[in-house]
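Student: the following block contains a protein sequence and its predicted model.
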There are 4 protein chains.
Amino acid sequence: MRQVPAKLASKLYGAAELIAERGLADAKVDEIADAAGIPKATLYYYFSGKDEVLAFLLADMLELIAGEVGTAASAPGSARDRLESAVEAQLAVMLDHPAVCRALVGDLGRATRLPELAAALQEAFHRPIASLLAEGVSDGTLRQVEDPGAVALSIFGAITVTGLSAAVDGSSNDSAKDAARIAASICDLMLNGLATTPANPEGDR
Amino acid sequence: MRQVPAKLASKLYGAAELIAERGLADAKVDEIADAAGIPKATLYYYFSGKDEVLAFLLADMLELIAGEVGTAASAPGSARDRLESAVEAQLAVMLDHPAVCRALVGDLGRATRLPELAAALQEAFHRPIASLLAEGVSDGTLRQVEDPGAVALSIFGAITVTGLSAAVDGSSNDSAKDAARIAASICDLMLNGLATTPANPEGDR
Amino acid sequence: MRQVPAKLASKLYGAAELIAERGLADAKVDEIADAAGIPKATLYYYFSGKDEVLAFLLADMLELIAGEVGTAASAPGSARDRLESAVEAQLAVMLDHPAVCRALVGDLGRATRLPELAAALQEAFHRPIASLLAEGVSDGTLRQVEDPGAVALSIFGAITVTGLSAAVDGSSNDSAKDAARIAASICDLMLNGLATTPANPEGDR
Amino acid sequence: MRQVPAKLASKLYGAAELIAERGLADAKVDEIADAAGIPKATLYYYFSGKDEVLAFLLADMLELIAGEVGTAASAPGSARDRLESAVEAQLAVMLDHPAVCRALVGDLGRATRLPELAAALQEAFHRPIASLLAEGVSDGTLRQVEDPGAVALSIFGAITVTGLSAAVDGSSNDSAKDAARIAASICDLMLNGLATTPANPEGDR
DNA sequence: CATGAATGAGCATTCATTCAT
DNA sequence: CATGAATGAATGCTCATTCAT
């Protein structure tokens, strides 16, 4: 994969919607090129094939998310506050790039197959949450749980599925507001739980 | 789609792993037939094509999940207890059928496109949770939240992503035990939250 | 490469002319299929690609030549007489199948690359001549030469190039007669030499 | 085709091996440029395309052969002696440029299609031999044969195939010596024949 | 002069699907 | 009923060639 010129990169985003809509396998290279407004052969000049185009787009978005989430996670404040910010940051990026985001999930199965993608996902989404959980225990703003890995994964799942669902719906126009609203719901659940009886830190079973 | 003989159905499960691994679009009909150990043409005798094979497998699993989760959700006991049972039931089925489960998620993007599948997913996974949330408010074992839809979706996401992750790993041999362990973590998070300060029912923002 | 039905094989000969005329690389698969009167996909059902089609045709012809030449070489009579018969036999087959023969030479370069083809060539053309040379020395009808390998190769070259030239010209209609005439010239040269002075068995240098 | 700088010309010989190995059609322009160590676009600055590159190389070699053979053929001495010299000269040039020589033969089929190449071949190889045959009859050092054209072609074939075979083998390091050895064998055959019985000038059939 | 970047046109190959037996 | 053989239709990709710099 050659160094992709910024101009080309921006054009490629025009194809993300297509890939999201139809899935990579059903999006013809011709169509992708058309959607991006470039000759098909030019795609092949820069990428080795379809897959690499998607990989490029995903990598781009994951980097963006990793950046935003990382910023939120490393801001000053309690780990708990930063966790809330991180949740909102991830949702914000997802809702800002609904097409790429849907493409990502549409080919999430691929994540199972492409270790590279799996690693990037881990880096962008999962690790920051896991870190914040640990920091929260240290600074006393979050309680200790038995299996932090499973909990981090759960939170990641809650954010991702809700974000994806919103990205698919795509009804609203104010993505920042949507992100904030959804983040609030998730954080409420994540921090306060649903139980009416006093919290039982040892779990319920 | 003709009535599928049980013998054939069981053989088809042998192809689920392949579909999970490669995605439906990248799994050639030849390969699917080979994996199932039947002639390609026989597939076409019973199914109208690739898609119907996957649909058959998914329908099978979704029905199973819907059944298990439905049973758990309609058992006697508090809504809160039943919610916990439902979470574990969903995880148990997922871990019992990791290949089909991965195939399902691998082609989750398809859910965006196939209304039928989306509806079945909704029915099997999402609705039971939403119902239990409402019942919990009624019977006082779960607190009222601001956006029950978003919360239900979050819980669904937490279960699904954690379950999928476990299905992909597939390291353990005792899936029932795994399901119980993961369910405990999720339920702990879901019910008790992570906050150390007293729960703030009004949310945190 | 699947077992090629006789009917298909015979149809394929219709494509030999095309390959001979244009060279394998410049003969489009579509054209080959058209020339043979079969669907392109059927070609791919039986062969792995263009190359295998040519290989099949060549193998077929080489086998034919090997047979004819072998018959001539193992007939009763002196080695010298049989050598003459073999020369004519080779020429006869070449002139009987000018298209395949030209295709063979057109892609003779390929012989350098495909060991399989080189071996078949060796078997069909070269070895029988070399054997006859040795037998001629034994039965006293041919004289001993210093480098029998080089001489066999020279004879092979003389036959092949003359035969090819005739195949390319393709003017005459009586290929058997042509073969006999050319064979006579080659045999005269090969047996009697061009020198006017008495033969000098030790060579001339 | 622009005037080709000597430096470039010499670099191009580095590509002859590639063309010999793969055939012109299968040698990508990129590869040829790489093999020559020059940018692809530079090739197009000097040549109109692939074909012209090969043509340049072949013309170069054919000119060389024509020169060497011509020199040998027009030296003082009997026609018979000069024929021997010409045979060795051709073999010497072929073994001196094995790659170009193989490329030439590899695309010999092309000779069927490119009249220009056929003419050059005729000029370089065939005509000198035919002339010498005639001169030999005149000066009494070679006997009259029935079909001088066929005999000349046979001799040409013997030389070419033996030379090519040696070029492909390429085992030896002393090409001049190889040429001499092979030439001796061919001349022995060509002049003295293989028959043990007294030469029968009327042919053997 | 020489060349890196870009592309138009072409084509081999794949694969889901059909159907006679 | 089940299937081996056959194929129509589609598409990913290659590569020779151009041209602005």
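Tutor: Noted; the coordinates are in hand.

Student: show the pLDDT at A:H126.
Tutor: At A:H126, the model reports a pLDDT of 85.

Student: next, the angle from the helix or strand in which A:S154 is found to helix B:148-169.
Tutor: Applying DSSP states H and E as the criterion places A:S154 in helix A:148-169. If you take axes from the mean of the first three to the mean of the last three C-alpha atoms, to 10 degrees, helix A:148-169 sits at 120 degrees to helix B:148-169.

Student: got the CA positions of helix A:148-169 in PDB?
Tutor: Listed next in PDB are the C-alpha coordinates belonging to helix A:148-169 (Å, rounded to 0.1, in the frame of the first residue of the first chain):
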ATOM      1  CA  PRO A 148     -12.200  -6.300  35.200                       C
ATOM      2  CA  GLY A 149     -11.500  -7.700  31.700                       C
ATOM      3  CA  ALA A 150     -15.100  -9.000  31.400                       C
ATOM      4  CA  VAL A 151     -16.400  -5.700  32.700                       C
ATOM      5  CA  ALA A 152     -14.400  -3.700  30.300                       C
ATOM      6  CA  LEU A 153     -15.600  -5.800  27.500                       C
ATOM      7  CA  SER A 154     -19.200  -5.400  28.700                       C
ATOM      8  CA  ILE A 155     -18.800  -1.600  28.700                       C
ATOM      9  CA  PHE A 156     -17.200  -1.700  25.300                       C
ATOM     10  CA  GLY A 157     -20.100  -3.800  24.100                       C
ATOM     11  CA  ALA A 158     -22.700  -1.600  25.500                       C
ATOM     12  CA  ILE A 159     -21.100   1.500  23.900                       C
ATOM     13  CA  THR A 160     -20.500  -0.200  20.600                       C
ATOM     14  CA  VAL A 161     -23.900  -1.800  20.100                       C
ATOM     15  CA  THR A 162     -25.800   1.300  21.200                       C
ATOM     16  CA  GLY A 163     -23.500   3.500  19.100                       C
ATOM     17  CA  LEU A 164     -24.000   1.300  16.100                       C
ATOM     18  CA  SER A 165     -27.700   1.200  16.500                       C
ATOM     19  CA  ALA A 166     -27.800   4.900  16.600                       C
ATOM     20  CA  ALA A 167     -25.400   5.100  13.500                       C
ATOM     21  CA  VAL A 168     -27.800   2.800  11.600                       C
ATOM     22  CA  ASP A 169     -30.800   4.700  12.600                       C
END
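
Student: give me the buried positions along that helix.
Tutor: Residues of helix A:148-169 classed as buried: A:148, A:150-168 (neighbour count, 16 or more other C-beta atoms under 10 Å in any protein chain shown). No exception for glycine: its C-beta is placed from N, CA and C like everyone else's.

Student: and the next helix or strand past the helix or strand of chain A with the lowest mean pLDDT?
Tutor: Scoring the helices and strands of chain A by mean pLDDT, DSSP states H and E places helix A:108-113 at the bottom, with a mean of 65. As assigned by DSSP H and E, the chain's next helix or strand after helix A:108-113 is helix A:115-121.

Student: tell me which residues in that following helix are buried?
Tutor: Using 16+ other C-beta under 10 Å as the test for burial, helix A:115-121 gives A:L117, A:A120, A:L121.

Student: buried residues, the following helix or strand past that helix. List them.
Tutor: Where DSSP H and E defines the elements, the next helix or strand beyond helix A:115-121 is helix A:127-139. By 16+ other C-beta under 10 Å, the buried positions in helix A:127-139 come out as A:R127, A:P128, A:I129, A:A130, A:S131, A:L132, A:L133, A:E135, A:G136, A:V137.

Student: picking that back up, can you redo the buried residues of helix A:115-121 as a markdown table with pLDDT?
Tutor: Shown next, in a markdown table, are the buried residues of helix A:115-121 (pLDDT from 0 to 100):
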| residue | pLDDT |
| --- | --- |
| A:L117 | 78 |
| A:A120 | 83 |
| A:L121 | 82 |
